[in-house]
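Asks: Next input, structure requested:
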Amino acid sequence: MQGIQTLSAVEDLTCDHEECDTRLFLHAQHAAHNHQTIVIKSPDTDVAVIALSLKPDLPCRLFFFTGVGNKTRIIDLAKVSSALGTSVCLALIGIHTFSGCDSTSAFYGKGKRKAFYVACEKEEYLNAFTNLGRSFNLDQSTFDILCKYVCHLYGQPFAENVNDARYKAFCMASSALPELSMPPTRDALHQHCKRANYQAAIMRHSLKGIMCAPSPVGNGWHLEDGELTVTWMTRNPAPECVLQVVHCSCKQGKCETGRCSCMSARLSCTDFCRCQNCANVSKETEERATWDDGSDDSDRDDNDE
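Replies: Below is the predicted model of the structure:
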């Protein structure tokens, strides 16, 4: 009988997980069959986020032991879950992976606190983050809502799309490095969402011994010389005609005096030049500078990968 019980335990804990964080919860689920209280010990934020999101699926009282050295504490996750609310807890994994974790990048100047508070402002944002990682394939409707969320995160909740928000942020920037205050392009954001979705799916499948995770290639990563590399974007960050004059130094008055670098290069000025009342702007240039809204991102990217 003892041999049979041991064999059963081994079978229950068999898994194909590559991350130690997710294995903790497979062990917790197994231990919950015989124990009413489970304590998970880890200094990692990822583990706390997974614990709060998966708590309803674990039939036990769950505690989180965290900290290092003499600075440790035990957190009753039931109390934290009650304070945050069910909808927020279910969205935590999506918010965490989207705003930056071990395998995904963060948005410059947008910390976890800011990302969390903006996510909680609208129910549709929480729903999108709850859906993030439900499947290893990024849902298009989820991506569309996350585009709105990023516009809101960058202080433009009424922007029609993230490319428009990027353009407006550039025009309003007062620093010498306006790109630091600009959201990513729709194309770059799509790649980021695929990485966040893939990582979220890994975390959401923590209680499955065999999760059968697909290759990360095509999910925001690609192989380069045999190594897994981040796919930052698949398109130019701006139209070609804009890229040619983005470093133009013309200011108000220079176009009229002939000191404009665009005129010297026989190029038309664009809004990126920041010159005012400029006569060196052609209608053809304005039309060419119109940005593709990237509505076919998902299909095009999947084919490219």
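Asks: Which strands or helices does the longest helix anywhere in the chain pack on?
Replies: For the chain, the longest helix by residue count, based on DSSP state H, is helix 186-204. Judged by 3 or more C-beta pairs under 8 Å, 6 or more residues apart in numbering; DSSP states H and E, helix 186-204 is in contact with helix 20-31, helix 45-54, helix 86-99, helix 140-153, helix 162-172, helix 297-304. Every residue, glycine included, has its C-beta placed from N, CA and C.
Asks: okay, those helices in TSV with distance to Glu124, mean pLDDT and mean neighbour count next?
Replies: Listed next are the helices and strands packed on helix 186-204 as TSV, based on distance: least, C-beta to C-beta, whole Å; pLDDT from 0 to 100; neighbours: other C-beta atoms under 10 Å:
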stretch	distance to Glu124	mean pLDDT	mean neighbour count
helix 20-31	28	87	18
helix 45-54	19	92	22
helix 86-99	11	96	23
helix 140-153	6	97	20
helix 162-172	16	86	20
helix 297-304	19	48	15
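Asks: Tabulate those (CSV), appending distance to Ala115.
Replies: Shown next, in CSV, are these (distance: least, C-beta to C-beta, whole Å):
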stretch, distance to Ala115
helix 20-31, 20
helix 45-54, 13
helix 86-99, 4
helix 140-153, 7
helix 162-172, 15
helix 297-304, 22
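Asks: Between those, which one is closest to Val68.
Replies: The closest of the helices and strands packed on helix 186-204 to Val68 is helix 45-54. By C-beta to C-beta, the value is 13.1 Å.
Asks: what element comes up after the closest one heading to the C-terminus?
Replies: strand 61-68 (DSSP states H and E).
Asks: same for the helix or strand just after that next one, what does it pack against?
Replies: Next along the chain after strand 61-68, taking DSSP H and E as the criterion, comes strand 71-76. Other helices and strands packing on strand 71-76, by 3+ C-beta pairs under 8 Å, 6+ apart, are strand 61-68.
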